[in-house]
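*Asks:* Only the shape, not the letters, is given here:
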Ligand code: SF4
């Protein structure tokens, strides 16, 4: 049971959560839009501080981060919950769990063994997850030989306290940290987080405000701002767009996204990945390889050095090529690195500097 970071008390027992741009004003006894931050008696609590729903070892390529220690492994954790509600969410069973399952208000259980705050304890008991501390997460990451810890699968912003404390400890133990996020985070918590983050992959879902509002219940501008801040604060940044037929696959929208990325830096890798029908979006066909190839060409034409096709293994779109001489540098199949020819962060054939962190294979 843990008091939340980033909130302000208001009149009449309400609180104002300032963790993400939703800026929820939450009455006593209710939760914010993410479903995991709960006002009890005028104090805001996180319901997921020690409720880890998933922890597993993943290749860093699965995040996807292709220019951050390629071939390494990331100890990957998440809790339930998300501050967005994308109708095509591929992890909806855990990201949307609190909204779909937790009761709106909970009263004290008579069986509860004299808790200090019966309603709060009772609410927390409804949240699924394993009681795992930052110390245990860091120890497990070291034991499994991981180079980094990934805060991933759902939206790590909403388990900020667990992620930040784990990241601080991980840093001290020589591990790296990466955040796999929708980018809907307020400036102050993002700046705090960036003091201990090494890399981030942020979703860049649409370039249309209307799509962000209708499909994801979010807004475009705060996400553009967060993307820019990650880049300016020196966190290694990669961006991902899930290309959905009939939604964001027009040449116009893909060009707008690619040109926006290029305006920040042509060295930012862009992952265009395939959508599969899921959650509440069943009326669009899965993305085919030709659409991803077209998206990749749009990215390269916008000047981006590295554009990858994701979620369709074996098509060759996961390889890293030199932007100067087109040599094959990193050969991948799905999430597996088959061969890495990068030498001292340079192309072995023409000597071009290859952007990223820990890129050398030799
Ligand atoms: S994290 Fe965002 S969605 Fe959740 S309560 Fe705070 S402002 Fe609302």
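*Replies:* Nice, thanks for sending it over. Here the structure is a predicted model, which means the values were calculated and not measured. Residues are numbered from 1 along each chain as shown.
*Asks:* From here on, just use CA atoms for contacts and neighbour counts.
*Replies:* Noted.
*Asks:* shaky segments in the stretch 51-200 of the chain?
*Replies:* For the stretch 51-200 of the chain, the stretches flagged by pLDDT under 70 are 104-123.
*Asks:* tell me which parts of it are close to the ligand?
*Replies:* For the stretch 51-200 of the chain, the contact set with the ligand under Cα under 6 Å from any ligand atom comprises 83, 158.
*Asks:* For the stretch 51-200 of the chain, which segments count as helices?
*Replies:* 92-95, 97-101, 118-125, 134-143, 160-172, 187-194 (DSSP state H, counting those that start in this stretch).
*Asks:* any chance of those helices in a markdown table, with mean neighbour count too?
*Replies:* Formatted as a markdown table, these follow (neighbours: other Cα atoms under 10 Å):
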| stretch | mean neighbour count |
| --- | --- |
| helix 92-95 | 20 |
| helix 97-101 | 17 |
| helix 118-125 | 18 |
| helix 134-143 | 17 |
| helix 160-172 | 20 |
| helix 187-194 | 17 |
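*Asks:* can these go into TSV with extra columns for distance to residue 357?
*Replies:* Listed next are the helices of the stretch 51-200 of the chain as TSV, based on distance: least, Cα to Cα, whole Å:
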stretch	distance to residue 357
helix 92-95	30
helix 97-101	35
helix 118-125	39
helix 134-143	20
helix 160-172	16
helix 187-194	16
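*Asks:* do you know which of these lies nearest residue 330?
*Replies:* Residue 330 lies closest to helix 134-143 among those, at 25.5 Å (Cα to Cα).
*Asks:* and the angle for the closest one with helix 160-172?
*Replies:* Taking axes from the mean of the first three to the mean of the last three Cα atoms, to 10 degrees, one finds that helix 134-143 is oriented at 50 degrees with respect to helix 160-172.
*Asks:* I'd like the distance from helix 134-143 to the chain centre, please.
*Replies:* 20 Å (Cα atoms, centre = their mean, to the nearest Å).
*Asks:* again with stretch 137-146
*Replies:* From the chain centre to the centre of stretch 137-146 is a distance of 20 Å (Cα atoms, centre = their mean).
*Asks:* Can you tell me what sits against it?
*Replies:* 57, 72-75, 147-149, 166, 169-170, 173 (Cα atoms under 8 Å, 6 or more residues apart in numbering).
*Asks:* Recalculate using a threshold of 7 Å.
*Replies:* 73-75, 149, 166, 170 (Cα atoms under 7 Å, 6 or more residues apart in numbering).
*Asks:* and the two most separated of those?
*Replies:* 73 and 166 (17.0 Å).
*Asks:* Among the contacts of stretch 137-146, which one lies nearest to the ligand?
*Replies:* Proximity to the ligand was ranked across these by Cα to the nearest ligand atom; first place goes to residue 166, at 18.5 Å.
*Asks:* pretty sure the closest one contacts residue 136?
*Replies:* No. Residue 166 sits out of contact with residue 136 when judged by Cα atoms under 7 Å, with a separation of 9.2 Å.
*Asks:* Distance check, residue 210 against residue 256.
*Replies:* 15 Å (Cα to Cα, to the nearest Å).
*Asks:* again with residue 206
*Replies:* From residue 206 to residue 256 the distance is 9 Å (Cα to Cα).
*Asks:* So those two - more neighbours on which side?
*Replies:* residue 206 (24 against 18; other Cα atoms under 10 Å).
*Asks:* show me what contacts that one?
*Replies:* By Cα under 7 Å, 6+ apart, residue 206 lies in contact with 212, 248.
*Asks:* Excluding chain neighbours, give the residue nearest to residue 299 in space.
*Replies:* Closest residue to residue 299 apart from its sequence neighbours, by Cα to Cα, 6 or more residues apart in numbering: residue 258 at 5.2 Å.
*Asks:* Of all the residues in the protein, which one is nearest the ligand?
*Replies:* Taking Cα to the nearest ligand atom as the measure, the chain has residue 32 as its residue closest to the ligand, at 3.5 Å.
*Asks:* Show the pLDDT at that residue.
*Replies:* The model reports residue 32 with a pLDDT of 94.
*Asks:* what do you get for residue 314?
*Replies:* At residue 314, the model reports a pLDDT of 68.
*Asks:* do the same with the one 5 residues further on
*Replies:* With respect to pLDDT, residue 319 scores 96.
*Asks:* Which of the helices or strands spans the closest residue to it other than its chain neighbours?
*Replies:* Once flanking residues are discounted, residue 319 sits nearest to residue 331: 4.9 Å by Cα to Cα, 6+ apart. Per DSSP states H and E, residue 331 falls inside strand 328-333.
*Asks:* And that strand, what does it pack against?
*Replies:* For strand 328-333, the packing partners by 3 or more Cα pairs under 7 Å, 6 or more residues apart in numbering; DSSP states H and E come out as strand 320-321, strand 336-340.
*Asks:* and these, which is most packed in?
*Replies:* strand 320-321 (a mean of 22; mean count of other Cα atoms under 10 Å).
*Asks:* Sheet partners, orientation included, of it?
*Replies:* Looking at strand 320-321 with DSSP bridges, its partner strands are strand 328-333 (antiparallel).
*Asks:* Surely the residue nearest to residue 299 is in a helix?
*Replies:* Yes. Judged by DSSP: H, G, I helix; E, B strand; the rest coil, residue 258 forms part of a helix.
*Asks:* just checking, it touches residue 300?
*Replies:* No. Look at residue 258 against residue 300 with Cα under 7 Å: they stay out of range, at 8.4 Å.
*Asks:* count of residues packed around residue 131?
*Replies:* The local packing of residue 131 (other Cα under 10 Å) involves 12 other residues.
*Asks:* show me what contacts residue 128?
*Replies:* Contacts of residue 128 by Cα under 7 Å, 6+ apart are 51, 53.
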